[in-house]
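# Got a predicted model here, sequence first, then my questions.
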Amino acid sequence: MAELTTLKEAVEYLIHDGDTVAMEGFTHLIPQAAGHEVMRAGKRDLVAVRMTPDLIYDQLIGMGCVRKLVFSWGGNPGVGSLHRFRDAVENGWPSALEIEERSHADLANAYVAGASGLPFAVLRGYVGCDLPKHGAPIKSVTCPFTGEALAAVPAVRPDVAVIHAQHADRKGNVLMWGIVGVQKEAVLAAKRAIVTVEEIVEALQPGANAVVLPHWVIDAVCLVPGGCHPSYAQGYSRRDNVFYKAWEPISRERERFSEWMERHVLSTENFADYRRSVAAEQVQEAAGA
Amino acid sequence: MMTVAAARLLENGAICFVGIGLPSAAANLARATHAPEVVLIYESGPIGTKPEVLPLSIGDGELAETADTVVSTPEIFRYYLQGGRIDVGFLGAAQLDRFGNINTTVIGDYAAPRVRLPGAGGAPEIAACAGEVLIILRQSPRALVERLDFITSAGHLEGGDWRARAGLPGKGPTAVITDLGILRPEPGTQELVLTSVHPGATRSEAEAATGWPLRIAADCGETPAPRPHELAALRDLHERTARAHSAA
């Protein structure tokens, strides 16, 4: 049953050290504010599941919150590498990172299986691919009807799913639209769910392609306008491609990354405070330049 | 020239599953020139999208706002790709071998990589299930290699009739478009051979930029030079994109 609460409280009570956490959002609606709150709370040893780790997991990895990463594409889209992710994989900094690497089709199917209460998913995939040789839990099953060999992959069943959406009503029913990714599946596959939203509205008005999640599949709804930045919320904001490009030099070196995170994330109270801190620095840099 | 040559291979009306970066540029150039009816699908969910500027990411808002519809990620992969609805998969690659197999995972050893690349994304299943696959990448001996460090997405794997024996539904790679020319699988062996050289490039340059002994098709010709309307459309696309992505 959804409670309207602060993000700080939701993270404190619903995410525990060692949990398997899925913070989803395919480019759109990435729950960045929740990621920051996990870092401020100093959560540790998380098994972090996400199709596209993006900046949110690059930061969580660089801040030492993650023990294991389950993912299918780990880059800064259109820009290049996720340097903190690469540093962890290549050099074990700040700590060794176990990886479980799968494909998009696999993880999408695995969330569906998780939401469906099934132990595994079946897909026509991985034929000729080396991933199954390197520890990814990918097996083969034979179709009992046709004899076709297909890939079998374990369901994703997170302890906690975290997503960002456009609207919630006061009961905690959630509405999202646009690129909806695997968020519905992630929430329904998880034991607990946190949703940050752009706006609390009197009544949801679902339009085309809209996804509505009923309040009784969600544990916490938190009002965090702009909480997906530098990702975006259709109808509210545009993807901040300039920030995605700016992340490249910030994240490249350990010292600059750590200093940046300390100043803007750990030393701020919440996401609005963080946004002010980053904006103030940008103004300062513009003035100095 | 690479983007123009790649765009030309996309037929008007084709249903195309588009990778980000070079494939996305080529597919949108095709839509702006000879193929206005091409249906572009991105793995984030937009179907029939008509972006005015090239997306930086696979899920920019522009893609959703200009799409015929937007479906969930499971639906894209389960119903549209695995369901056999895609004519052409358009992919990029970090490394490619002579049978059109793609590596986007690691350079070096998997457990202790020299370079950790982004990984598979949607590519393994696009390569398996799309009707055919076009691959676009810049040619160099480090990119077109004798042996891949890792097979992320299988093309023709070991060559010959491997795909048919493996029961894969699609034809696999039918063309590799580079900055120097076009490589196509030789019928029978499925080994990539040089079938066209771009204006300004030479066969020996293409050979030197390939990590395996590149063979040249008997009928290898020259790629027709970019036409003024193609160059103009490409320039417009890049200018609009640069403006959009530099605005805060």
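Looks like it came in fine. Numbers count the residues shown, from 1 in each chain, chains lettered A, B, ... in the order given.

# which stretches of the chain have low pLDDT?
In the absence of a named chain, this looks at chain A. Applying pLDDT under 70 to chain A flags the ranges A:208-209, A:289.

# try again with chain B
For chain B (pLDDT under 70), the answer is B:247-248.

# at 80 instead, please
Chain B contains residues with pLDDT under 80 at B:245-248.

# Contact partners for the residue of the stretch 101-250 of chain A found nearest chain B?
Nearest residue of the stretch 101-250 of chain A to chain B (CB to the nearest CB) works out as A:Gly128 at 2.7 Å. (Glycine included, C-beta is placed from N, CA and C.) Neighbour list for A:Gly128: B:101, B:151, B:154, B:157, B:162, B:166 [criterion: CB atoms under 8 Å, 6 or more residues apart in numbering or on different chains].

# if you set the cut-off to 6 Å instead, what comes out?
By CB atoms under 6 Å, 6 or more residues apart in numbering or on different chains, the contact set of A:Gly128 is B:154, B:157.

# got a list of contacts for the top helix by length along chain B?
Using DSSP state H to define each element, chain B has its longest helix at helix B:228-246. Contacts with helix B:228-246, where a contact means CB under 6 Å, 6+ apart, come from A:241, B:4, B:29, B:32-33, B:53-54, B:56.

# and the end-to-end length of stretch A:143-161?
32 Å (CA to CA, to the nearest Å).

# Switch the contacts of helix B:228-246 over to JSON lines; also include neighbour count, secondary structure and distance to A:Phe145.
JSON lines is the format used below for those (neighbours: other CB atoms under 10 Å in any protein chain shown; DSSP: H, G, I helix; E, B strand; the rest coil; distance: CB to CB, whole Å):
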{"residue": "A:Asn241", "neighbour count": "22", "secondary structure": "helix", "distance to A:Phe145": "47"}
{"residue": "B:Val4", "neighbour count": "22", "secondary structure": "helix", "distance to A:Phe145": "47"}
{"residue": "B:Leu29", "neighbour count": "24", "secondary structure": "helix", "distance to A:Phe145": "44"}
{"residue": "B:Ala32", "neighbour count": "19", "secondary structure": "helix", "distance to A:Phe145": "46"}
{"residue": "B:Thr33", "neighbour count": "19", "secondary structure": "coil", "distance to A:Phe145": "46"}
{"residue": "B:Val53", "neighbour count": "17", "secondary structure": "coil", "distance to A:Phe145": "47"}
{"residue": "B:Leu54", "neighbour count": "22", "secondary structure": "coil", "distance to A:Phe145": "44"}
{"residue": "B:Leu56", "neighbour count": "24", "secondary structure": "coil", "distance to A:Phe145": "44"}
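
# Dump those to a markdown table, plus distance to A:Gly18.
A markdown table is the format used below for these (distance: CB to CB, whole Å):
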| residue | distance to A:Gly18 |
| --- | --- |
| A:Asn241 | 35 |
| B:Val4 | 53 |
| B:Leu29 | 49 |
| B:Ala32 | 51 |
| B:Thr33 | 54 |
| B:Val53 | 43 |
| B:Leu54 | 42 |
| B:Leu56 | 35 |
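
# In space, what's closest to B:Ser24 - neighbours in sequence excluded?
B:Val18 (5.3 Å; CB to CB, 6 or more residues apart in numbering or on different chains).

# List the residues that contact the one you found.
Here B:Val18 is in contact with B:24, B:27, B:40, B:42, B:90 (criterion: CB under 6 Å, 6+ apart).

# and the third one, how many neighbours?
So that's B:Leu40. By other CB atoms under 10 Å in any protein chain shown, the residues close to B:Leu40 number 26.
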